[in-house]
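Student: Take a look and give me a structure for this.
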Amino acid sequence: MTGTMAAPRHIAEDPVRSARSYTSAPHVPDGWRADRPGELQGPQPWGTRMGTPGPDSGYALTLANRVIDDLTLADGEHRADVVAGLAAVASKRAASYGRAPVRHDVEVAATIWGYRSTVSEPELVELRRRVFEGVANPHHYEELRALADLVPEAALRQTPTAIAEAHAADWRSALEAPAEG
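Tutor: Residues are numbered from 1 along each chain as shown. Here you go, the predicted structure:
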């Protein structure tokens, strides 16, 4: 039985007709330029108070919110400010290791600032009130960066046990002297 068989419409009717080949576009498009609104112009920015970039730094806020009820806050200290400040220090510690924050980073930050102790030195409490005040407000980013910068990276790179021992011996050992003002 010879006859015509059904075939999809996209199949060529003439089976011996040669296949199409590649043909280039009639013109070459212009090269890509960084001219979108969000593009950085020039080299990577540098300077003071640029932060410590690291992966998933925002997770430190979640971790700090989980431990805040276990910490000892003095009168006049606000939970939101303490959470933001501890998250900034924890993010700095995690970024120094090139990883995302973990609970130990927040606990180290809380130890350095004396929130893990039931009794804190009055001088430390006064310093905390001054440097943590208002840092939860996004308009106070400069103050938040200054708070994180008070803790040197060398102090953050120690083990949690070493930091706790150093804090018990002298709480000033893990902090740089803040600028008066």
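
Student: Quickly note the distance from Ser120 to Leu71.
Tutor: Taking CB to CB, to the nearest Å as the measure, Ser120 falls 11 Å from Leu71. Heads up, the C-betas are built off the backbone N, CA and C, glycines and all.

Student: Ser173 too?
Tutor: From Ser173 to Leu71 the distance is 20 Å (CB to CB).

Student: Comparing those two, which residue is more hemmed in?
Tutor: A count of neighbours by other CB atoms under 10 Å puts Leu71 above the other of Ser173 and Leu71, at 20 against 13.

Student: Mind checking what secondary structure the closest residue to that one other than its chain neighbours has?
Tutor: Closest residue to Leu71 apart from its sequence neighbours, by CB to CB, 6 or more residues apart in numbering: Tyr115 at 4.0 Å. Following DSSP: H, G, I helix; E, B strand; the rest coil, the label given to Tyr115 is coil.

Student: Spit out the contact partners of Tyr115.
Tutor: The contact partners of Tyr115, by CB atoms under 8 Å, 6 or more residues apart in numbering, come to Leu71, Thr72, Leu73, Val82, Leu86.

Student: which among those gets closest to Gly54?
Tutor: Using CB to CB, Leu86 is the member of the contacts of Tyr115 that sits closest to Gly54, with 15.4 Å.

Student: gap between Thr111 and Thr159?
Tutor: 11 Å.
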